[in-house]
Every structure is written in C-alpha cells, then in structure tokens.
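# Provided below are the primary sequence and the corresponding predicted coordinates.
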Amino acid sequence: MSTQLSTLYSFRRCPYAMRARLAITIAGNEVELREVVLKDKPAELLEVSPKATVPVLVQTNGKVLQESLDIMLWAAENHAIWQSLDEQQRKETFVLIEENDVSFKQALDRYKYADRYPEHNQQFYREQGEQFLDKLEQRLTKHLGLVSDSLTLVDYALLPFIRQFALVDWDWFVEADYPKLQNWLNGFLQSDLFKQVMHKYPQWQTGDKITVFPVMQQQ
C-alpha cells in the first residue's frame, strides 16, 4: 500500500471507540485499524498514549488524538454531519455530548453494574439515566435527529451509549414511553452502518498485515 494511513487503536465494544469508527466510516476516511484487547494492550499503544484508553488515533504527521470526540471532529471536518451544522447547532452538540459523557455515563455505569454500587438499587440508577432519555425524546419530537432533521455528529456520538443503556434491560426499554428514541435507536441498530462498524476483527499483533478500515463487508 503506497498511501500512508493514520492508525486507529480501537476496541469493538467500547462506545467511545464505536463513535470514532462511526465518524470515520461515515466520512469515508481510511485508517489502519489495530483492534486492541484491553487486558493485553500492545506496547505501541502504550508508547503513543500512556493512559492507553481507546480510541487513540495516530495521524500520519505523528500527532496523537486521545479523545473520541477529537477523532470524530478530525474525521468529519469536511463532511455534512459536521459541516451542515450552524453555530447554535454546534453549541448544542457539545452540550449534549458533555452531558452524555459525564452525568449520563455515570448513571449508565451504575445501572449496568448495579451490584458494584449497592448504595442504591438498579431502578434508582435507571431513573437517573432517564433524565437524559427524557431530554433526548423531547428533542426527537422536533427533529429526526437530535439537533436537525438529519443524523449529525451528535447523534452518532450518543447512539453507542443509548444502545448500552437499552441493552441492560431491553424488555423494559421497548415498553418505556420513549417512542421517538426507540425508533431513532432501532433505525441505527438495523442499519448497514452499524453492521459495518461492529464487524469483528482479530486482536492486532506487532508485525500483522495492515487492516484498512472501513471496508464494505460482503453480505
């Protein structure tokens, strides 16, 4: 391969890595994918990112991006999922992502692993997370996406986390009073895009042949 690619360290199930892969795929960028096993992190990842959390993107110029949102913005800089947004929509995007990544993520972790947080029961933590779900439901009554009538960067930044929340108790989620949010999530889960970014790759090892991501999977 003659063209040098940026390198993405990723882990398939991590929602932060998932959002990065989504933006990269949608924008049509190509990267060298290195699938990481979190209990067996490669030395190359530790060298470029001492905190060694995924995703990490090493650009061709050597610059390292260690935050998933930075990788999304890098990928989508010239794509409609970011370029189509006006100043107010971009402001709302950052506000929603911050709330998702701080307070909602905390509620999600406690809801998913309630036995580790015996201070309250699982329902309590679910109700904490529902404060954010209520907000998203209201937004989706006004638009097809969270800030506009199309899915944009903020939708793809949040979808992996809402998926995790729903999967804790899917039967509850599909019966809950979130019809717009359910349709929004289901449309994503049934899409070719979701199948593509969730394709399973083997653990990357030093010396492995380059894996170019994304590639269209044969059906």
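Received, thanks. Numbers count the residues shown, from 1 in each chain.
# so what does the host helix or strand of E32 touch, helix or strand wise?
Per DSSP states H and E: E32 is located in strand 31-35. Helices and strands touching strand 31-35, by 3 or more C-beta pairs under 8 Å, 6 or more residues apart in numbering; DSSP states H and E, are strand 6-10, strand 212-213. For glycine as for every other residue, the C-beta is placed from the backbone atoms N, C-alpha and C.
# how about these, which one is nearest Y113?
The minimum distance between Y113 and these falls on strand 6-10, with 22.6 Å, by C-beta to C-beta.
# helix, strand or coil for the residue nearest in space to the middle of the chain?
Nearest to the geometric centre of the chain sits R19, at 2.3 Å (C-alpha atoms, centre = their mean). Following DSSP: H, G, I helix; E, B strand; the rest coil, R19 is assigned to helix.
# Quick one: the helices in this structure, in order.
15-27, 43-48, 68-76, 80-83, 87-99, 105-112, 122-140, 153-168, 170-175, 179-189, 192-197 (DSSP state H).
# Quick check: the residue nearest to the centre of the chain vs K39, distance?
As judged by C-beta to C-beta, to the nearest Å, R19 and K39 stand 22 Å apart.
# Double-check Q66 against Q59; I have them as touching.
No: counting by C-beta atoms under 8 Å, Q66 does not reach Q59; the two are 11.8 Å apart.
# Between the two, which has more neighbouring residues?
Q66 (18 against 15; other C-beta atoms under 10 Å).
# Need the contact partners of stretch 135-147.
Outside stretch 135-147, the residues that touch it by C-beta atoms under 8 Å, 6 or more residues apart in numbering are 85, 89, 92-93, 96, 99, 149-152, 154-155, 158, 162, 178-181, 183-184.
# quick one: average pLDDT of it?
In this model, stretch 135-147 carries a mean pLDDT of 98.
# Equivalent analysis for stretch 35-43, please.
The model assigns stretch 35-43 a mean pLDDT of 95.
# can you list contacts of it?
Residues from elsewhere that reach stretch 35-43 (C-beta under 8 Å, 6+ apart): 9-12, 34, 45, 52, 54, 201-206, 211.
# of those residues, closest to I81?
Using C-beta to C-beta, those come closest to I81 at S10, 19.2 Å.
# Excluding covalently adjacent residues, which one is nearest to the closest one?
Among residues not flanking S10 along the chain, A17 sits closest, at 4.3 Å (C-beta to C-beta, 6 or more residues apart in numbering).
# separation between the one you found and L133?
The separation that A17 has from L133, given C-beta to C-beta, amounts to 23 Å.
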